[in-house]
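J.: Dropping the sequence and predicted coords here.
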Amino acid sequence: MILVSPLARLGHWALGLLAGIGRFSTFTLDAISHGIRPPFHGREIALAFLQIGWLSLPVVGLTALFTGGALALQIYAGGNRFGAEAVVPQIVAIGMVRELGPVLVGLMIAARVTSSIAAEIATMKVTEQIDALVTLSTDPMKYLVLPRVLAGLLCVPALVAVGDIIGVMGGWLVATERLGFVSAPYLRNTINFLEPLDIVSSLTKGAVFGFLATLMGCWFGLNSGRGAMGVGRATKGAVVAAAVAILAANLILTEAFFSA
């Protein structure tokens with residue numbers, strides 16, 4: 001009896017985990033299927049593009065600028081130990097475009113957008129606005145989920161591209177103003193070192209991260225508990241799940257693109 005109880009709890013937890021994975025997979029497929037079937041709510045899609053894309057530019061730009069500058073300082077300080085200071089432009093470029101740019105933008109989107117989506121949809125559920133949508137023959141997947149997921153899928157790669165450029169420019173600014181690099185050779189080394197695969201991998205990561213961040217916000221919002229505590233738990237769970245999913249997806253995509 002002493003051994004049965006822990007095993008029963010473990011089995012109950014495992015079954016609950018598998019059931020949750022199944023529900024989330026069904027939800028993901030349902031969201032994708034709604035993306036290829038009309039009708040579409042143009043106004044909601046436009047608002048989602050505004051909220052997720054345009055209004056995220058300031059935080060993405062500042063994050064990338066400071067990260068690129070700090071990266072240049074760190075690489076210069078580390079390279080100085082081995083007489084390899086000249087590699088600053090190359091390492092800043094590859095570090096920002098391949099890794100730091102997409103990941104930092106994804107985490108900023110998780111912090112800003114995923115939390116907002118989860119809190120908004122959870123509040124709508126608590127106040128029975130989602131039930132009202134169903135009563136009015138409006139599919140919540142079409143009206144709430146699809147616009148946000150579509151905006152994340154398309155806007156975040158653009159944000160990643162902007163973040164990559166600003167991050168490289170942040171490294172260039174610090175290198176030329178503080179570290180004694182000459183502007184033209186620095187930029188030439190940056191451009192010559194980057195390859196098309198680096199840019200493709202960066203934008204692909206942005207699309208995947210945007211999809212995951214918005215999908216997590218919608219999932220946790222629609223499955224939130226009742227009351228203010230339920231909204232808080234949904235928001236916290238959405239941000240944590242989105243951040244972990246982004247980091248896990250980053251490892252998988254990096255392995256897929258650069259394992260050779």
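T.: Looks like it arrived, so ask away. Numbers count the residues shown, from 1 in each chain.
J.: quick one: the helices in the chain?
T.: 4-34, 42-52, 57-79, 88-94, 101-109, 115-126, 129-135, 140, 146-178, 183-193, 196-222, 227-258 (DSSP state H).
J.: which of these is buried the deepest?
T.: When these are scored by mean count of other C-beta atoms under 10 Å, the highest mean neighbour count falls to helix 101-109 (a mean of 25). C-beta here means a position set from N, CA and C on the backbone, and glycine is covered the same way.
J.: Identify all contacting residues around that helix.
T.: Applying C-beta atoms under 8 Å, 6 or more residues apart in numbering, the external contacts of helix 101-109 come out as 52, 56, 59-60, 63-64, 67, 152, 156, 159-160, 163-164, 167, 202, 205-206, 209-210, 212-213, 243, 246-247, 250.
J.: average pLDDT for it?
T.: Mean pLDDT, helix 101-109: 94.
J.: So what's the gap between that helix and the chain middle?
T.: Here the centre of helix 101-109 is set off from its chain's centre by 5 Å, with C-alpha atoms, centre = their mean, to the nearest Å.
J.: And for stretch 35-51?
T.: With C-alpha atoms, centre = their mean, you get 19 Å for stretch 35-51.
J.: related to what we said a few turns ago, any idea which of the helices of the chain scores lowest on pLDDT?
T.: Ranked by mean pLDDT, the helices of the chain bottom out at helix 4-34, which scores a mean of 80.
J.: In terms of secondary structure, what does it contact?
T.: Here helix 4-34 is seen to pack against helix 146-178, helix 196-222 when contacts are counted using 3 or more C-beta pairs under 8 Å, 6 or more residues apart in numbering; DSSP states H and E.
J.: pretty sure residue 115 is touching residue 237, no?
T.: No: Residue 115 is beyond contact range of residue 237, at 10.3 Å (criterion: C-beta atoms under 8 Å).
J.: hmm, back to that, export the helices and strands packed on helix 4-34 as CSV, with columns for distance to residue 34.
T.: What follows is the helices and strands packed on helix 4-34, written out as CSV (distance: least, C-beta to C-beta, whole Å):
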stretch, distance to residue 34
helix 146-178, 5
helix 196-222, 11
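J.: just so I know, which of those lies nearest residue 87?
T.: Nearest to residue 87, of all these, is helix 146-178, at 11.3 Å by C-beta to C-beta.
J.: ok and the closest one relative to helix 196-222, angle-wise?
T.: Counting by axes from the mean of the first three to the mean of the last three C-alpha atoms, to 10 degrees, helix 146-178 lies at 130 degrees to helix 196-222.
J.: picking up where we left off before, so which of the helices and strands packed on helix 4-34 gets nearest residue 131?
T.: Closest to residue 131 of those is helix 196-222 (C-beta to C-beta; 11.9 Å).
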